[in-house]
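*Asks:* whatever this is, show me its structure:
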Amino acid sequence: MTVAVKRVPIGEASRFGILALGGDDRVADWQEKPRQPKSDLASFGIYVFLKRALEEWLDESRTDFGRDIIPAMFGAGARVFGHRFDGYWQDVGTIQSYWQAHMELLDEHPALDLYDREWLIHTRSEERAPARIGPTASVHRSLISHGCQVWGTVERSVLSPGVRVDPGAVVRDSIVMFDAVIRAGAVVDHVIIDKEVSIGPNAVVGFGADFDIFNRSEPERLNTGITVVGKRAVVFNGVRRVGDLWLAISIGLLAGVTRMFLGFLVASVVFVLLFVVLMLLWRLGRRSHVPFGSVLIGVVFVAMLLA
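*Replies:* Residues are numbered from 1 along each chain as shown. Predicted coordinates for the structure are as follows:
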């Protein structure tokens, strides 16, 4: 058997089968996804073998190459070799690596050049109309697939066929899959969006300086701050992260405390001024990230407190 191998960053080596090669490139050691890898030479899951070898080593007790078959062959002294590969290959087995591989396609000279006529990609693609870039659109360092309609802003992102970005919407550092719709005024930042998703008007998805905070329910998979939106999900108008609710509650509590200490008239004036400031920030544009929905919730709290 021959195993295709490539050097990987040592910090990622624990995700792979790790091996050492002898002088004739024969496998001299093998570790399957070790916690403490001895090497950075990794198998990337491509094997070449004789039929009789597969029939000999594959059975009901040995069903996985990296975990069962290769260690058994190596331990029994069978002929297992490594083939060093120095071309393009990326493992996309994690959310971060999947996102990073897409972002690298946007480099000026990417390691994988989709436009290389000497290395054509033969994957069949559904026929659609050409991409349409509207008069209000702004597109920077992005890949826009056929069938897309862009009327808003797209920065450093990859758009699959049929994606629509409405006027005033912003897609930044994101991957958007087939037929997703980003409605007017929405902001999508560091997000992977699955097929046929609808992001409602003025919704904010992915914004926040929480790139080092692990997701509570999926800490092993979601640990780099990238937001993932599932297939056919609907993000409603004006929705953003839970922190907005705390912003709204804070507005209400501030008004209530002010009322307690300064009286109804002064509290009303303070609230009006606060409301005007928030509205001005919201109108300054998407970069302020002050959601209109939060302001409305704050109004409700204030109305309850001042009633």
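
*Asks:* mind listing the strands for the stretch 1-150 of the chain?
*Replies:* 2-7, 17-21, 27-32, 41-48, 81-84, 132-133, 138-140, 143-144, 149-150 (DSSP state E, counting those that start in this stretch).

*Asks:* against which helices or strands is the first one packed?
*Replies:* To tie it back to what came earlier, the one meant is strand 2-7. strand 17-21, strand 41-48, strand 81-84 (3 or more C-beta pairs under 8 Å, 6 or more residues apart in numbering; DSSP states H and E). The C-beta positions use only the backbone N, C-alpha and C, and glycine is treated the same way.

*Asks:* just the helices in the chain please.
*Replies:* 51-57, 70-75, 95-104, 243-262, 264-283, 292-306 (DSSP state H).

*Asks:* quick one: average pLDDT of the fifth one?
*Replies:* Average pLDDT, helix 264-283: 62.

*Asks:* residue closest to the middle of the protein?
*Replies:* Geometric centre of the chain, nearest residue: residue 192, 3.9 Å, by C-alpha atoms, centre = their mean.

*Asks:* touching, that one and residue 228? I think so.
*Replies:* Yes - using C-beta atoms under 8 Å, residue 192 is in contact with residue 228, at 5.0 Å.

*Asks:* what is in contact with those two at once?
*Replies:* residue 95 (C-beta atoms under 8 Å, 6 or more residues apart in numbering).

*Asks:* what sits up against stretch 133-153?
*Replies:* If you take C-beta under 8 Å, 6+ apart as the criterion, stretch 133-153 is touched by 105-106, 114, 125-126, 128-132, 154-172, 182, 184.

*Asks:* just the buried residues of that stretch, please?
*Replies:* The neighbour-count check on stretch 133-153 (16 or more other C-beta atoms under 10 Å) flags 133, 137, 139, 142-145, 147-153 as buried.

*Asks:* how far away from the center of its chain is it?
*Replies:* 20 Å (C-alpha atoms, centre = their mean, to the nearest Å).

*Asks:* likewise for stretch 229-236?
*Replies:* In terms of C-alpha atoms, centre = their mean, the centre of stretch 229-236 is set 14 Å apart from its chain centre.

*Asks:* quick one: residue 103 and residue 192, what's the gap?
*Replies:* 11 Å (C-beta to C-beta, to the nearest Å).

*Asks:* hmm, I was thinking of residue 36
*Replies:* Taking C-beta to C-beta, one finds residue 36 at 31 Å from residue 192.

*Asks:* before we move on, what about residue 149?
*Replies:* Residue 149 is 21 Å from residue 192, by C-beta to C-beta.

*Asks:* one more: residue 90?
*Replies:* 16 Å.

*Asks:* could you do residue 99 as well?
*Replies:* In terms of C-beta to C-beta, residue 99 sits 6 Å off from residue 192.

*Asks:* cool, and residue 150?
*Replies:* For residue 150, the distance to residue 192 (C-beta to C-beta) stands at 19 Å.

*Asks:* now swap in residue 127 and tell me
*Replies:* In this view, residue 127 and residue 192 are 26 Å apart by C-beta to C-beta.

*Asks:* now swap in residue 61 and tell me
*Replies:* Residue 61 is 38 Å from residue 192, by C-beta to C-beta.

*Asks:* now swap in residue 4 and tell me
*Replies:* 28 Å.

*Asks:* can you give me the pLDDT of the closest residue in space to residue 229 that isn't next to it in sequence?
*Replies:* Excluding the flanking residues, the one nearest residue 229 by C-beta to C-beta, 6 or more residues apart in numbering is residue 193, at 4.7 Å. pLDDT for residue 193: 96.

*Asks:* same question for the one 4 residues further on.
*Replies:* Confidence per residue is given as pLDDT, and for residue 197 that number is 96.

*Asks:* domains in this protein, by residue range?
*Replies:* Here the domain parsing of the chain from automatic domain parsing is 2-84, 132-235, 243-306.

*Asks:* for the second one, measure first residue to last.
*Replies:* Between the start and the finish of domain 132-235 there is a gap of 24 Å, counting by C-alpha to C-alpha, to the nearest Å.

*Asks:* what about residue 195, distance to residue 137?
*Replies:* From residue 195 to residue 137 the distance is 22 Å (C-beta to C-beta).
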